[in-house]
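Trainee: please find the sequence and the predicted model below.
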Amino acid sequence: MIRGVTIAAAPNSRFGQRTINALRAAEQSDLRSLGSPYESGEALAAQHRIWTTAGSSAEGSHSSAVLAADAEGNVVAMTHTINTITWGTTGIFVDGVSISDPAKLYASRADAAGPGGRISTDSNPMMVLDDNLQPKLAMTTIGSGLAEITFVRLSDAVEYGQHLLDSFLQPSFHFANQVEANQYDPVVLNTARAMGAPFVELPARAMALRGYIIGVQIDRDTGMMHGGFNERGMHGSVEAISQSPYEVPSEPEDEGGDSALDDVNHLVRP
């Protein structure tokens, strides 16, 4: 239990246990007592330190994050990937699709797993469970910074109690300490740097190592679901499909913001 909730991760994810360890460290150090990491440089530096000391990170690519939830509250959070380098190394193509070569890409992991073992993955789908072990929040990510943004968004939810719709409007640090320019308050960012967080501020187009995240939050009492994704440059959609007796209210008006929360629907029980 972390802050009164159970966190579930994919069992073979290299980043799942690291994310849980970091969230536990945030609780043990009472990270939220330092204030919000979007308003306090000290809190941002502490959040970054907790993540970087929880383990190593790695790049990822050529993947799709998929998340689905039905009206009964069943949730699937997954990452779909071919697990291959660009064009593959086998030279074998079927209908234009290269044959996956994870044994080439992850040779050291295959050796460590041994015959019949399960190779670890960089995917990092995560869920927050209620007291009845039912999912109340689920997220999945892609991109080189998938591990960092998962921790930051779950930190928003678990450590600070933020709603998904508020959390997804906030900035995040990414792989290799990258942050997008003009997202964090300059005073907060400079304070965090002065306290040892080596953030590198880059314009949006230069953010090659960012993470992309999608999520859904479920209110088990009302049946309301909120879903969305954030981070510029992500391609995807959020949809609510109505099947009687459920209804889908009209979408909020698009005001041209940067967040894909402009494309959020709510699935509501009558």
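Mentor: Looks like it arrived, so ask away. A quick note: this is a predicted structure, and the numbers were derived from the prediction, not measured.
Trainee: tell me where the protein has helices.
Mentor: 16-28, 41-52, 102-105, 107-113, 146-154, 164-167, 186-194 (DSSP state H).
Trainee: mind exporting the longest one as PDB, just the C-alpha atoms?
Mentor: To tie it back to what came earlier, the one meant is helix 16-28. Extracted C-alpha coordinates of helix 16-28, given in PDB (Å, rounded to 0.1, in the frame of the first residue of the first chain):
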ATOM      1  CA  GLY A  16       7.100  -1.200 -13.100                       C
ATOM      2  CA  GLN A  17       9.000  -2.100  -9.900                       C
ATOM      3  CA  ARG A  18      11.100   1.000 -10.200                       C
ATOM      4  CA  THR A  19       8.000   3.200 -10.500                       C
ATOM      5  CA  ILE A  20       6.500   1.500  -7.400                       C
ATOM      6  CA  ASN A  21       9.800   1.900  -5.500                       C
ATOM      7  CA  ALA A  22       9.900   5.600  -6.400                       C
ATOM      8  CA  LEU A  23       6.300   6.200  -5.300                       C
ATOM      9  CA  ARG A  24       7.100   4.400  -2.000                       C
ATOM     10  CA  ALA A  25      10.200   6.600  -1.600                       C
ATOM     11  CA  ALA A  26       8.000   9.700  -2.200                       C
ATOM     12  CA  GLU A  27       5.700   8.600   0.500                       C
ATOM     13  CA  GLN A  28       8.500   7.700   3.000                       C
END
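Trainee: mind listing the strands for the stretch 151-270 of the chain?
Mentor: Listed in chain order, the strands of the stretch 151-270 of the chain (DSSP state E, counting those that start in this stretch) span 178-180, 200-202, 212-218, 225-230, 266-267.
Trainee: could these go into TSV alongside mean pLDDT, distance to Lys104 and mean neighbour count?
Mentor: Every residue, glycine included, has its C-beta placed from N, CA and C. Below are these laid out as TSV (pLDDT from 0 to 100; distance: least, Cβ to Cβ, whole Å; neighbours: other Cβ atoms under 10 Å):
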stretch	mean pLDDT	distance to Lys104	mean neighbour count
strand 178-180	91	28	21
strand 200-202	93	31	16
strand 212-218	89	26	25
strand 225-230	80	31	23
strand 266-267	34	42	20
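Trainee: what's around Gly196, how many residues?
Mentor: Close neighbours of Gly196, defined as other Cβ atoms under 10 Å, add up to 11.
Trainee: who's in contact with the residue most central in space within the chain?
Mentor: With distances taken as Cα atoms, centre = their mean, the residue of the chain nearest its centroid is Thr150 (3.1 Å). Taking Cβ atoms under 8 Å, 6 or more residues apart in numbering as the criterion, Thr150 is in contact with 15, 19, 124, 126, 139, 141, 211, 213.
Trainee: and with 7 Å instead?
Mentor: 15, 19, 124, 126, 139, 141, 213 (Cβ atoms under 7 Å, 6 or more residues apart in numbering).
Trainee: distance of the residue nearest to the last one when sequence neighbours are not counted from Asn182?
Mentor: Meaning Ile213. Residue nearest to Ile213 in three dimensions, not counting chain neighbours: Thr141, with 4.5 Å by Cβ to Cβ, 6 or more residues apart in numbering. With distances taken as Cβ to Cβ, to the nearest Å, Thr141 is found 23 Å from Asn182.
Trainee: please identify which of those two sits among more neighbours.
Mentor: The neighbour count for Thr141 versus Asn182, taken as other Cβ under 10 Å, is higher for Thr141 (29 against 11).
Trainee: good, we can wrap up now.
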